[in-house]
Structure formats: structure tokens, C-alpha cells
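In: Pasted the sequence and its predicted model underneath.
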Amino acid sequence: MTGHVHANTLRYNATMQRAGESSETILFEDYDWHEPSEFRFTRALDNPVPNAEAKISGGYSGVVTAKAGDQFFWECEIFNQADVNLTFSNKVYDGEMCNVFGFYTMETNTGGPWLCAFF
């Protein structure tokens, strides 16, 4: 899982809320728009713990298993440093994006094609 943002983004993260629960689990939090971190959720490695005070990127460690009804959220903290109104565009300094991307696997391949996109 990773994000794609531009130069005015100070922080971006993704969280997961389990069905029927009110709390959210932080999947990742990142502070570097220019070199975004990539987080893998596996038993084979431990991701660093995010540290907001020190602006250290980090994420959840372990396998993430999504079940019916679970929800995923992402957010970006943006501080406009430009003399223009920021819009969703591919302009690195005069526009912004708040995107999160990830890959997943399934125990069996019976689920058919899957797409998650918001515009």
C-alpha cells in the first residue's frame, strides 16, 4: 500500500475500520510526498511504527484480512504554499492529489474481477 500526493501535502494516511467497531486501525502514515513509502502487510516483516511528532513514516505490521463490511479510509493534510487555488491536477506545486493504492490477494480466485475507484 502506498500513496500519491504532491508538494503541498504534509501528511497522508490510510486506515481500516472493522465492521461493527468504532475504532480505526492505522494501515500507514507517511510524511514524504517526494519519496512515498511502500508498506507490505505480511508475517515476514515488521513495518516501522509511525511517529507524527518526529514525522517518521510507518505502518501496520502483520497480515491485513478484510471481511465483508470492513471499511477503508484515507486522508491528506494539505498546506497550500502556493499563490494559487489548489485543484486536483498533476501540477506538482500548484495542484494536489490525495490517492492511495494497494494490492491484495484472495484465498481462492472465485471472486471475479474487482475494482475500487473514486473520482
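Out: Yep, that arrived. Numbering: from 1, shown residues only.
In: Return the alpha-carbon coordinates of stretch 90-106 using PDB.
Out: Extracted C-alpha coordinates of stretch 90-106, given in PDB (Å, rounded to 0.1, in the frame of the first residue of the first chain):
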ATOM      1  CA  ASN A  90      -1.000  16.800 -11.900                       C
ATOM      2  CA  LYS A  91       0.800  20.000 -11.200                       C
ATOM      3  CA  VAL A  92       3.300  19.200  -8.500                       C
ATOM      4  CA  TYR A  93       3.500  22.600  -6.800                       C
ATOM      5  CA  ASP A  94       0.300  24.300  -8.000                       C
ATOM      6  CA  GLY A  95      -2.100  21.300  -7.800                       C
ATOM      7  CA  GLU A  96      -2.800  18.400  -5.400                       C
ATOM      8  CA  MET A  97      -3.800  14.800  -5.300                       C
ATOM      9  CA  CYS A  98      -4.800  12.500  -2.400                       C
ATOM     10  CA  ASN A  99      -4.500   9.000  -3.700                       C
ATOM     11  CA  VAL A 100      -3.900   5.600  -2.000                       C
ATOM     12  CA  PHE A 101      -3.100   2.400  -3.900                       C
ATOM     13  CA  GLY A 102      -2.800  -1.200  -2.800                       C
ATOM     14  CA  PHE A 103      -2.700  -4.800  -3.900                       C
ATOM     15  CA  TYR A 104      -4.500  -7.700  -2.500                       C
ATOM     16  CA  THR A 105      -4.700 -11.500  -2.700                       C
ATOM     17  CA  MET A 106      -7.500 -13.900  -2.100                       C
END
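In: Centroid-nearest residue for this protein?
Out: Centroid-nearest residue in the chain: A14, 3.7 Å away (criterion: Cα atoms, centre = their mean).
In: so that residue touches G3, yeah?
Out: Yes: under the criterion of Cβ atoms under 8 Å, A14 makes contact with G3 at 7.2 Å. To be clear about C-beta, it is placed using only N, CA and C from the backbone, and glycine gets the same treatment.
In: residues shared between the contacts of the two?
Out: 28, 74, 100 (Cβ atoms under 8 Å, 6 or more residues apart in numbering).
In: Return the residues in contact with the second one.
Out: When you say that, I think you mean W74. Counting by Cβ under 8 Å, 6+ apart, the residues that W74 touches are 3, 12-15, 98, 100.
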